[in-house]
Structure formats: structure tokens, C-alpha cells
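1. just to be clear, the model below is a prediction. Sequence and coordinates:
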Amino acid sequence: MKNINCTYRLFTILIIMWAVLLQANNGMAQNLDQIGNSQPLKISGGLSVNQTFFQSNLSGNSRDPYALFLNGNLNFSIYGLSVPLSFAYSNQNFTYQQPFNQYGLSPTYKWATLHLGFRSMNFSKYTLGGHMFLGTGIDLAPPGNFRVSAMYGRLRKAVAYDSTQSNNQPSYQRMAYGVKTSYRFAQSTIDFILFKSEDDQFSIEAPPLTTEITPEENLVLGMEGKTLFFKKLVFSYEYANSIITRDKRAEQKQVAGGSFYQATDFWIANKNSTSYHHAVNLKTAYSGSFYMIGLGYERVDPGYITHGSYYFNNDFENITVNSGLKLLKNRLTLNTSLGTQRNNLEEDNLSSTRRFLGSVNTNMAISDKWTTGLNYSNFQTFVNVRSAIEQLTETDPTVNLDTLNFTQISESLNLNSNYRFGSEKEQQHSLSINAAIQRASEEQTYNENNAGSQFLNLNGAYSLSLSEKQLSTSLSVNYSHSESMDITNQIIGPGINVSKSFNDNQIRTTLGASYNLSYADNVRNSEIVNLRLGGNYKLYESHHFNLNAILVSRNNTLGQAANVNNIPAPDNIIDFTANLTYSYSF
């Protein structure tokens, strides 16, 4: 074990030295066959200074009246291999970052890519799905139909238990390797995946049982592919079998002779803590000249897990139906989606949930200048809750005398329409209308619950653009109405926005204002005035100046309010915020 650790540490040191001397750009691949065409040395970077000023007449406001943020980055590039540095400063803290904490290289030469250091690879979502590792990997795509990817490295480092640290999360060192082979046929593809990971139970001293940390082992075998039939029907599939051992220290268990799991015993030992789970995902779609229809089925067993992903959902089954239409010479498009989802597949939980999903999206170009769209979705969730006593004393699973049926429905409807007219070179006019309706309701044991909510938002706008004068303006009216818990709120008001550019967009200014009245249960409670001023200036392509100022006035017509410290607030609250930014790049 000591020799293995020494070899691993030496390998790590060599990787660090290589990364420091050549490059350490985490996430960037290098094309080695282009080195001769790159500049020997190139330096680039940037600097930005951001200042924010805030003032309010509300006593006890905890916001800082002045904030300063300074950010900078510097990048050295040697024959296309880069070493970036960055820093950030504010009047509250200072941080410095350099990429050698998580170093990595992905040099590419023709059809081969080598991954070294801290890298991540993606075989499939059920096997190795983007988990970062410290080690090495390779992607080979030579001319022809065969492809192969492989990796070996550390998924987790050893962290010893330390009772003096409140945020201590002990973990065993976890090593892993994986291989993915692919073959491309004329009308289909097929991939085979193997992923194996194992915790080193001797990498740390055994932590207390209260930590619930045990050395684990995982083997995942997967297969996926896609086939095209008759140039119109596409069928894709993905299957994975995950064998997970929660505690390697558990006793050995016997499996049926000649079974699949006995055949994998030389890869992963079958222990009393070993369980076997499956995941399957099937999709098919048929496309015609003006239509498409598709079916989908996905099922992931309860307890399915892979060490190759940081987070994984399991215990669910999805069935979906999708369709699409293009009519009137593609001026009208219609897409629909229907589906159902359920969990508690083995019916061993106290509650089970079934969701019904449906949506319709349609868009129509009435003319070259007039377009409209309509979107509707309906999400319904049904939950069946059984008491713990019922689960423990159940004698007839078909009889549920003590259950709670809970249904939640959420609907949304969106309508938009836009009409453009005028000359594109001189004056461009635009009229738009948008409406959004949302409704949520609940039922418990077939009794409607009034705790649902409804929301309505209407917006109309007119805009005018004068291209030659680099001037644009817009007028809008907004209305919103919401009902929730027997309370009705309404907000209504107009808005205006004007923008003007100078010197071929070298200078750009904006001015905006809005006025809104707020009502609660049909009684006006406040009026809000919002004034906005903005400006941008670009100098010599490298220097950028940006200024934004916002003044918000809130008049509480119902009397005084109080802030978080219960200090009476003025009837008219005024907040002023200004932001000034300068950036330089080279």
C-alpha cells in the first residue's frame, strides 16, 4: 500500500510540474498540431473597476452607501498554451485565484485527445456523467467507424474525521476507471460502457458510526445506441445496470450459480450490502414532410446510483408523447406534449406521486410583418399518502381505509402578438401585446381547497426606431392582477423609454421612466415612480465606460410603514442608486 501511495504521489507531482511549466488552463484543449502556426508569446488580459453609490431616506437601512469592486485577469500564451491568472478586490474582502489548484491539460493531435490532471468526461448520464477526476483519460476517433474513450483517476480524496472542525465531512479515497467503445454503422450506432469505482477503506482511520460513512464500491455496465429506419423513423435506447456495495466490509453473500451477477464477481464482490438496480430510456420519433410524432419511456429503479455523477434522481417512471405540425407553407407550427410521471415504483414508501403533464405551443406568421403565438401548459400532481400505522398493519393491499389524496393543478396560458410596419431604412414601427394567465389550485380527498392562486399580466407596447438618427423610443402600459389567500393585489401604470446613439454607436444614452399604482383589495396603498438614466462610451476599442442611475420613489398612501428595526418609515421613501464602471482590455 505504501508503494502504491508513493507511486501515486510521484505521478501527481510530475503532473503538477508539467502543468506549471507548460500550461494550466482548466477546461481548455490544446491543438498540438497547430503549435508551429501560433505566436511564440502572447499576453492578454483586462481590468475593470465598478463603483456603486446608494442613498435612501429610510432610517436604519443596512445597505452600504458605497461599494467598490476591482477585477483583473492576465493570461500568458506560449505557442498556444495558456496560463491564466485572475484577482478580485472589494472594499470588504480580497481574493486571489490561480489555476494550479485544479490543474489540467487536454492536448489534441489530429484524432487523439489526451486528458491529464483535473478533468471530466461524459460517457452517459447513467454511468460516467461529468464527474471531475484527477488522473488521465483519452479520446480516440481514428478514421473509420470505431471510437474509444477511457479514463483512470481519483474521484474523491481521503479526508480524515476531525471532531474539532464543524464542517468536516470525512471521506475515503475513491479511485475509478472506465471505458466506452463505440461503433458507427451506416444507419445506426452502438456504444458499450464499463465504469468501476472503489473506496480505499484503509485511506483513513475508520470514522465513528455516527458519521454514516462507509467504504463503497460500484460497477456500472451500460449500452446505448440509435437506429434509423426508412430514413424517417429514429429509435434510440439506453440501458444501464448498476451494482452498488454500500459497505465493502460486509460479509460475502451467495448468488445463484451461473447468474449474471456471479459472472461479474471478479469485478465487484457480492456482499450483504450489495444491491442491483437498472435504468432504461427508450425514444422513438417519426418525421414526415410536415409532421412529427414521438414516444418516450424512461424508468430508473429505486436506489439506482452511480459514482460517476454528483447527483442522480431515481425511483421514477416517465411516459411521454410528442407531436409537431407545420402547415400553411410553414407559417403555422403546432407542437404538443403529453406525459405522465410516477414514483414509489416498489410501493414501499408512505406516499406516492403521479404527475400528468401537458403543453401546447403554436406560432403563426399571419403575414411577413404580423406574428402571433399561443402557449398552454397543464401540470397536475396526484399524491397518495398512507399513514405509517397503515403500512405496518396492512393485510390487504387493495384496501386503503386511511389515506389522504392530494391533487395540485397548475395551468398557464400565454398569448403574444407583434405587428411591424414602416420603412426598415427610415422609420420602423412595432406594436406588441402580451398576456399571461396562471392558475394554481389544490384538492384534498376530493374537496377543493381555496388556497390556490391566480395571476394575470397584460402588457401593451409601441416602439419607434429612426435608423438614420440612431434614435428609438417606446411607450408601454402594464397591468397585473393576482389573487391568493383571499387577498387581491393589482398594479397598473405606463412607462416610457428613449435611447439615442452618437458617433456610430460610440456613445449610447438611455432615459426611462415609469409610474405605477398599487392596490390591495381594490384600495390604493402606494404609488411608485421609477426614473432611469444610462450611458455607455467606448474609446479606442479597449476602454469602456458605463453609467447607470436609478431613482425610485414609493409613496405609501395608507400611512407609515416600519423597517426591519421597527423604526417608523416616512410616507414617501426615496432610494437612489448609481453605478459607474470602467473596463480596459488588451
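-> Ah, there it is.

2. need the contact list for Q428.
-> R420, G422, L464, S465, S467 (Cβ atoms under 8 Å, 6 or more residues apart in numbering). Glycine gets a C-beta too; all of them are placed from N, C-alpha and C.

3. what do you get for S197?
-> Per Cβ under 8 Å, 6+ apart, neighbours of S197: L155, R174, M175, A176, E216, E217, N218, H307, G308.

4. 6 Å instead?
-> R174, A176, N218, H307 (Cβ atoms under 6 Å, 6 or more residues apart in numbering).

5. most surrounded residue in these?
-> Neighbour counts for these (other Cβ atoms under 10 Å) peak at H307, which has 25 neighbours.

6. what sits closest to that residue if chain neighbours are left out?
-> S197 (4.0 Å; Cβ to Cβ, 6 or more residues apart in numbering).

7. next: K125.
-> That would be S309: by Cβ to Cβ, 6+ apart, it lies 7.0 Å from K125.

8. wait, that neighbour sits on Y126?
-> No: the criterion here is Cβ atoms under 6 Å, and S309 misses it with Y126 at 8.4 Å.

9. which one's more surrounded, these two?
-> Taking other Cβ under 10 Å, S309 and Y126 do not tie; Y126 has more neighbours (26 against 16).

10. can you classify that one by secondary structure?
-> Secondary structure state of Y126, per DSSP: H, G, I helix; E, B strand; the rest coil, is coil.

11. contact partners for it?
-> Here Y126 is in contact with G222, A240, A279 (Cβ under 6 Å, 6+ apart).

12. how many neighbours does the first one have?
-> Using other Cβ under 10 Å, G222 is surrounded by 25 other residues.

13. that one: helix or strand, and which one exactly?
-> strand 217-229 (DSSP states H and E).

14. give the buried residues for that strand.
-> Across strand 217-229, burial judged by 16 or more other Cβ atoms under 10 Å covers E217, N218, L219, V220, L221, G222, E224, G225, K226.

15. what mean pLDDT does that strand have?
-> Taken as a whole, strand 217-229 has an average pLDDT of 96.

16. which one of the contacts of S197 sits closest to F146?
-> A176 (23.8 Å; Cβ to Cβ).

17. which strand or helix spans A549?
-> strand 543-556.

18. next secondary structure element downstream of that strand?
-> Following strand 543-556 in sequence, per DSSP H and E, is strand 572-585.

19. quick check: angle from that next one to strand 543-556?
-> 170 degrees (axes from the mean of the first three to the mean of the last three Cα atoms, to 10 degrees).

20. domain map for the protein?
-> 111-288, 315-465, 486-586 (automatic domain parsing).

21. ends of the last one, what's the gap?
-> From the first residue to the last, domain 486-586 extends over 58 Å; the measure is Cα to Cα, to the nearest Å.

22. so how far is it from its chain's centroid?
-> Domain 486-586 has its C-alpha centroid displaced from the chain centroid by 30 Å (Cα atoms, centre = their mean, to the nearest Å).

23. just use 505 as the starting number from now, easier for me
-> Sure, I'll start numbering at 505, so the last one becomes domain 990-1090.

24. average pLDDT across that domain?
-> On average, domain 990-1090 scores 86.

25. for the second one, same thing?
-> The average of the pLDDT scores along domain 819-969 is 81.

26. compute the first-to-last residue distance for it.
-> End to end - Cα to Cα - domain 819-969 spans 54 Å.

27. again, but for stretch 982-995
-> Calculated as Cα to Cα, the first-to-last residue distance of stretch 982-995 is 8 Å.

28. next, the buried residues of that stretch.
-> N982, S984, H985, Q994, I995.

29. for that stretch, which outside residues touch it?
-> 957-963, 996, 1020, 1022-1025.

30. the same query, at a cut-off of 7 Å, please.
-> 955, 957-963, 996-997, 999, 1020, 1022-1026 (Cβ atoms under 7 Å, 6 or more residues apart in numbering).

31. give the contact list for R651.
-> R651 sits in contact with L644, A645, S686, where contact means Cβ under 7 Å, 6+ apart.

32. ranking the residues you listed by neighbours, who comes first?
-> Counting by other Cβ under 10 Å, top hit in the contacts of R651: S686 with 17 neighbours.

33. for that one, give its distance to L725.
-> 15 Å (Cβ to Cβ, to the nearest Å).

34. check T778 too.
-> 15 Å.

35. circling back to that earlier point, so which elements touch the strand holding A1053?
-> Other elements packing on strand 1047-1060 under the criterion 3 or more Cβ pairs under 7 Å, 6 or more residues apart in numbering; DSSP states H and E are strand 1027-1043, strand 1076-1089.

36. now the shortest one - C-alpha only, CSV.
-> I take that to be strand 1076-1089. C-alpha atoms of strand 1076-1089 as CSV (Å, rounded to 0.1, in the frame of the first residue of the first chain):
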residue,chain,number,x,y,z
ASN,A,1076,-42.5,58.8,0.8
ILE,A,1077,-39.5,56.5,0.6
ILE,A,1078,-36.8,57.6,-1.9
ASP,A,1079,-33.9,55.3,-3.0
PHE,A,1080,-31.1,56.4,-5.3
THR,A,1081,-28.6,54.0,-6.8
ALA,A,1082,-25.8,54.9,-9.2
ASN,A,1083,-23.3,52.5,-10.8
LEU,A,1084,-20.2,53.6,-12.6
THR,A,1085,-18.0,51.0,-14.4
TYR,A,1086,-14.7,51.3,-16.2
SER,A,1087,-13.1,48.4,-18.1
TYR,A,1088,-9.9,48.0,-20.0
SER,A,1089,-8.9,45.1,-22.1
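
37. that one: which residues count as buried?
-> I1077, D1079, N1083, T1085.

38. and what of the first one?
-> Along strand 1027-1043, the positions that meet the burial threshold by neighbour count (16+ other Cβ under 10 Å) are N1029, S1030, E1031, I1032, V1033, N1034, R1036, G1038, N1040, Y1041.

39. nearest to N1050, of these?
-> N1040 (5.3 Å).

40. returning to that earlier point: would you list the contacts of Y630 in a markdown table and tack on distance to F820?
-> Converted to a markdown table, those look like this (distance: Cβ to Cβ, whole Å):
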| residue | distance to F820 |
| --- | --- |
| G726 | 18 |
| A744 | 15 |
| A783 | 10 |
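
41. against K736, how distant is A690?
-> 16 Å.

42. cool, and L968?
-> For L968, the distance to K736 - Cβ to Cβ - is 47 Å.

43. do the same with S624
-> Taken as Cβ to Cβ, the span from S624 to K736 is 36 Å.

44. neighbour-wise, which of the two wins?
-> For S624 versus K736, neighbours defined as other Cβ under 10 Å are more numerous around S624 (16 against 12).
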